[in-house]
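Engineer: no letters, just coordinates:
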């Protein structure tokens, strides 16, 4: 039984990180109807930049964290401006492929700059395990969960209570009506790409000490997408719940089936969900206009 | 107040507005009539810049607005109620209304205007925490009108505000428009309900295939057989 | 003109094949290997072109299909003692089956989810291969025995010939398919799914076929790759490979027949010339893809096509057509009922669009449906044609209940229609648009089309001349080879009518055919609608706002208001009906 709780807790921790990157997918999808295949690369870039700031430039952790998020956020905004905005009226397929191309460029550029070397992010919090009610935890995992939940919460509050956040939400729900209310769609989209790229970077930095940093680590970002699909892609709470669920399912699968098959299970789950109930477990059908 | 001078507009290669000229004098209600596909919606979408026109000689309060970005239009004092009860479905009624005041910095003004909208449509006060997408068609229309009012417009454009509504609600909406007019808001109204629109309006234009074919005082048009012809054909 | 264009392109293809066949004689070993590899890539890209270029279904997992083809071939040879020649088609087939299965979710999902599903598939395939140690050696990959013929190993020269022959065969089959009803259905799907359904195209079967076929080509390419390199490992089939296939397809020209050749060749040979490291190739691929999407979405072949293509001249072809021929097979009996709608109600999320609507249309009758905006007219059409399913009620055509049938089946039962907002297949020629309308009339199977069996040719020719006749009927014969999207608005409306007539409908439903037409065009339209009845024996159900047209044409007029039928009678009686006048001009407010 303790083992079950153990799996549940570490799954939840994974889930909180998935939620962070998953929300980035959801934000972009809701306003531009595009799934951003470069989201995983933003995550990878976030981790690598933070490592560079922290280890090579010897910046304090907090500064490295914020600096990396801001840099990646700016890159997201830049890409929106030069690559995605010109394609705003293009078919969805074209836009999806554009994000694929951008992802590939980032990935290979990183490989050119620093090779395929594997690096480790030094843990910020101690990794000495302690036990609470039969469940083994480390300060690192607890700290990571708290930070990512804090970031998810901050984003939700930002959208809910700030004027700019409301504008983003309005533009996502009804582009014309938002424009007529005075929301600039172009600015909103720019901001959306920036925010979701920064979120991915944050997720990358937080997840980095738990895994290794490679140019291909972006694949883990797609787990955020799967989690969001699992919960229901169109609502923010549904997506968050789905990401937590995915983290738990993966950990269960990793333990009871095999570690290597973890990813197979999550993509298998994606196929299953898409076939059986594409609106997600906690989501609802996209409103259709007659 | 608003003047269109030979506006042309097209979708791709298909021209839908051919030299439309019309004017909305301050303090008046002007209505735009015509059958489906005549170009009424394109006309108002062109005015607010949601549709880019090929020739956009549009003046508001004497200043050209043809090249103004669509999200700036509202700050000039023009608010539009789009067709089909265009609300933010996953926001509450109150949030929908607040969105209408997006460009308003003054918080007490927003509170005051919210009061006025609630006064105009009391049902919106009752249902202020309901999600707009769950409201009935008539209530959604009230939300859309209320949202437009939150920017304190000088000119209100309404695109078929009574489309598909039951007669009782139609009457309620028209009552509200009358009241807004008496408070000094200038109105450009698109409606299929020609008789009722003419009863309310001071002046009317009839569009056919993207051209203004008839215009005149509403009293004159009310008895004009051509208007009926435009809708029902020659008898 | 036509002769010139056709012979020019044939000369180009023949030239390319000659160069490919001459290559072993001139090229040293490594360049020859690159050339063979380019041809293998061209085959995979041909698969991408079928799935994405023609049928418009995004696929980010073609490398996964290639992996299935390659590993199936290799495993059957290594552990099953199969010969390369039998293992290769088996690999292609298995990849095709996977493609077919992966196409199933695409039936209900948009490009967004399909992109993710295909991506996930490709990813999982590589992951499984990396962990499959027992047979496939995990990440270390496996050696593939050289293909043998009569007990001798094939030389690289011989294998190159084989690859070229396979490529030519697949291109011929693809060309046949693309020019047949199957290919037209692919493109129709890409251009407008809803219109494809209404024209009798079985969308489910067509989509899965497009995925299956595209995957099978990639599978064959994978098998050939195994035979060519004689070593495969999971790294040869990673996501980046799928992207380069897509990039090749788009660089060449997505949806153009020569696209895969141009794209596959360029993007295989160019990086070799640059001699860069793998990372630089990937960076280049990504950059090229992005630039293409923004600046050249139609690709190189598309660019040339738009510049230089010459429309073939079909006018001579139709001299023999008797344009005033009357279709004797359908002779309307105006006393017989054709359509009966009983108590149909339809609502969207609580909002009622139709309330207990009942109506009948007799054979050869022209019935108009009028009513203010939002009255439910188009909803009624969508319900009859099977795009919407009503909450209750029954619909019969010629005495047969149609409720249990889907839209494409109803089209084949004699219900045809046009669309209010024009749902033409924009990027197809006018003639091909009409031929899609005849989709249900042509019974050729994909196999018959792929190999152009004699019956297939005859049936295609029959429908082609009938399609030309229909174009002549609406006065568009001169535009037969023009892109539908390039026609004027009025002509597009007429083309939709010709397309709808191609299915030999018993009931033709026209949704606002006069909207946006000028008065001369409306006059011509009225003549055409009248002729539809006398020449083709179809009943017409017409939604229109141009009242002159309604009053002049209709035997009967039905008025809908708020989803309720409020009047049904002769045009004259409708114009005097107080309820109708109120509905249109609005009740005068008493308040």
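Structural biologist: It's in. Treat the numbers as computed from the prediction; the structure is a model and nothing was measured.
Engineer: quick check on residue B:105: phi, psi?
Structural biologist: Here is the backbone geometry of residue B:105 (degrees, to the nearest 10): phi -90, psi -30.
Engineer: for it, give me the pLDDT.
Structural biologist: On the pLDDT scale, residue B:105 is placed at 81.
Engineer: how much space separates it from residue B:151?
Structural biologist: 12 Å (C-beta to C-beta, to the nearest Å). Backbone N, C-alpha and C define where each C-beta goes, glycine included.
Engineer: who has more neighbours, these two?
Structural biologist: Taking other C-beta atoms under 10 Å in any protein chain shown, residue B:105 and residue B:151 do not tie; residue B:151 has more neighbours (26 against 8).
Engineer: interface residues of the stretch 51-200 of chain A facing chain B?
Structural biologist: Residues of the stretch 51-200 of chain A found near chain B (C-beta under 8 Å from any C-beta of the partner chain) are A:163, A:166-167, A:169-170, A:173-174, A:176-185.
Engineer: from the residues you listed, which land in helices?
Structural biologist: In this view, these that belong to helices under DSSP state H are A:163, A:166, A:167, A:169, A:170, A:173, A:176, A:177, A:178, A:179, A:180, A:185.
Engineer: show the buried residues in these.
Structural biologist: A:166, A:167, A:169, A:170, A:173, A:176, A:177, A:178, A:179, A:180, A:185 (16 or more other C-beta atoms under 10 Å in any protein chain shown).
Engineer: mind listing the strands for the chain?
Structural biologist: Let's take chain A. Using DSSP state E, the strands of chain A run over A:129-132, A:135-138.
Engineer: let me rephrase: I mean chain C.
Structural biologist: With DSSP E, the ranges of strands along chain C come out as C:142-143, C:148-149, C:152-153, C:231-232, C:337-348, C:351-362, C:366-370, C:392-397, C:400-401, C:415-417, C:507-511, C:539-543, C:556-561, C:564-569.
Engineer: ok, how many other residues are close to residue 187?
Structural biologist: Picked chain A for this. By the criterion of other C-beta under 10 Å, residue A:187 has 14 neighbours.
Engineer: look at chain C instead
Structural biologist: Residue C:187 has 21 neighbouring residues, counting by other C-beta under 10 Å.
Engineer: so how far is residue C:43 from it?
Structural biologist: 21 Å.
Engineer: could you do residue A:259 as well?
Structural biologist: 37 Å.
Engineer: contacts only, for residue C:378.
Structural biologist: C:420, C:511, C:543 (C-beta atoms under 8 Å, 6 or more residues apart in numbering or on different chains).
Engineer: any idea which of those residues has the most stuff around it?
Structural biologist: residue C:543 (26 neighbours).
Engineer: which residues touch it?
Structural biologist: Shown in contact with residue C:543 (C-beta under 8 Å, 6+ apart): C:368, C:369, C:370, C:377, C:378, C:381, C:420, C:509, C:510, C:511, C:512.
Engineer: give me that answer again for 7 Å
Structural biologist: By C-beta atoms under 7 Å, 6 or more residues apart in numbering or on different chains, the contact list for residue C:543 reads C:369, C:377, C:378, C:381, C:510, C:511, C:512.
Engineer: ok, of the residues you listed, which one's closest to residue C:438?
Structural biologist: For the contacts of residue C:543, the closest approach to residue C:438 (C-beta to C-beta) belongs to residue C:510, at 18.4 Å.
Engineer: quick one, what contacts that closest one?
Structural biologist: Contacts of residue C:510 (C-beta under 7 Å, 6+ apart): C:418, C:497, C:540, C:542, C:543.
Engineer: and the buried ones among the ones in helices among the residues of the stretch 51-200 of chain A next to chain B, which two are furthest apart?
Structural biologist: A:166 and A:176, at 16.4 Å, using C-beta to C-beta across these.
Engineer: wait, isn't residue B:128 in contact with residue B:94?
Structural biologist: Yes - in this structure, residue B:128 is within contact of residue B:94 by C-beta atoms under 7 Å, at 4.3 Å.
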